[in-house]
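Q: sequence first, predicted coordinates after that:
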Amino acid sequence: MKCEELCSILPRRLTEMIEAFPLDPECLQEIRIRVKRPLLAVCDHQEYQSKECVSRAQIGEILAYLSNYSLYAYEEEIRQGFLSLPGGHRVGISGRAVLEGGQVKTITEVSSLNIRFAHEVKGCADELLLDLREEGRLLNTLIASAPGQGKTTLLRDCIRQISDGYGGCPGLTVGVVDERSEIAGSFRGVPGNDMGMRTDVLDACPKAEGMMMLIRSMAPRVVAVDEIGSPEDMKALICAMNCGCVIFATVHGSSMEELQGKPVLKEMMDLGLFERYVFLDGSKQPGRISQIFNQKRERLHRNLKQPR
């Protein structure tokens, strides 16, 4: 995010706090803002802390700007816990949940904000995609890592290249169910990230329902989703595969053992739903791969050139 964009989101005093840090605003990963707590900024995986605390009035000023001074108009987004920004960035919201009929209606008395900045890393999937084809066929792939290690960044570049075509392979129609608006970073329905010329995005829709909707309406060759794990997700994935779609998905997990310890994922593995399991190495470099396994959970020993 450019410095002038940052200034337009934050009150002047908070902007000054960030400008006092020895960092490049365009490399910011996130800014955490909490009432009566110091402002925290993360850049290149290093945390910076302000000497001054944030006030509730400053959080209110940020929310007023982001909602065009009408929080009611953004009630649906707030109910989901975040507000979207142009460019694929988003602001997570925490406070007092208001329930109606046992469901969250909205969030009031906001006490914490987490501004997360989207960073595209085009080309980070270049070498990986060579391992995701077999006899000319794209393989069902699950990308796994701990939170914040770049699995969504890697998935995004896979989608872009599959959609546009890569390495002599023609482009394919891709359907993306972006439940948390993190893959495409859509703002008012338009992706903020480059998702490729043949990609259709269903934003802010539950994964299981969204996969079925996309298959019926857009007839994708490839379906991509983020952070699977529920029984409903598994049923929808099986249905999509039975319809002839190739699946690209992500999940939280740093090893095969960890994935097998999760009942739903273990069942997916036992059914052989995925033909490639890709694990990231947890470095600061988005998309850096540590291991790739095949459908039989055998490790592939290929020397991948890592993204620079």
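A: Right, received. Where do you want to start? Numbering: from 1, shown residues only.

Q: remind me, longest strand of this protein?
A: For the chain, the strand with the greatest residue count under DSSP state E is strand 103-116.

Q: who does it pair up with?
A: strand 28-34 (antiparallel), strand 90-100 (antiparallel) (DSSP bridges).

Q: tell me how far the last one lies from the chain's centre.
A: Here the centre of mass of C-alpha atoms in strand 90-100, compared against the chain's by CA atoms, centre = their mean, to the nearest Å, lies 19 Å away.

Q: ok, now stretch 102-110?
A: 23 Å.

Q: show me where pLDDT drops low in this structure?
A: 1-7, 283-284, 286, 301-308 (pLDDT under 70).

Q: all helices of the stretch 1-150 of the chain, in order?
A: 3-9, 12-19, 56-66, 75-79 (DSSP state H, counting those that start in this stretch).

Q: measure the most centrally placed residue in the chain to residue 201 for me?
A: Closest to where the C-alpha atoms of the chain average out (CA atoms, centre = their mean) is residue 182, at 3.5 Å. From residue 182 across to residue 201, the span is 12 Å (CB to CB, to the nearest Å). In this view, the C-beta of every residue, glycine as well, is placed from N, C-alpha and C.

Q: what's near enough to touch the nearest residue to residue 203 once chain neighbours are set aside?
A: Excluding the flanking residues, the one nearest residue 203 by CB to CB, 6 or more residues apart in numbering is residue 186, at 4.2 Å. Counting by CB atoms under 8 Å, 6 or more residues apart in numbering, residue 186 touches 84, 88, 178, 192, 201, 203-204.

Q: pull out the buried residues from stretch 243-257.
A: For stretch 243-257, the buried set under the neighbour-count rule, 16 or more other CB atoms under 10 Å, comprises 245-254, 256.

Q: can you give me the strands for the stretch 101-250 of the chain?
A: Secondary structure of the stretch 101-250 of the chain (DSSP state E, counting those that start in this stretch): strands at 103-116, 133-134, 137-138, 141-145, 174-178, 199-203, 222-225, 246-252.
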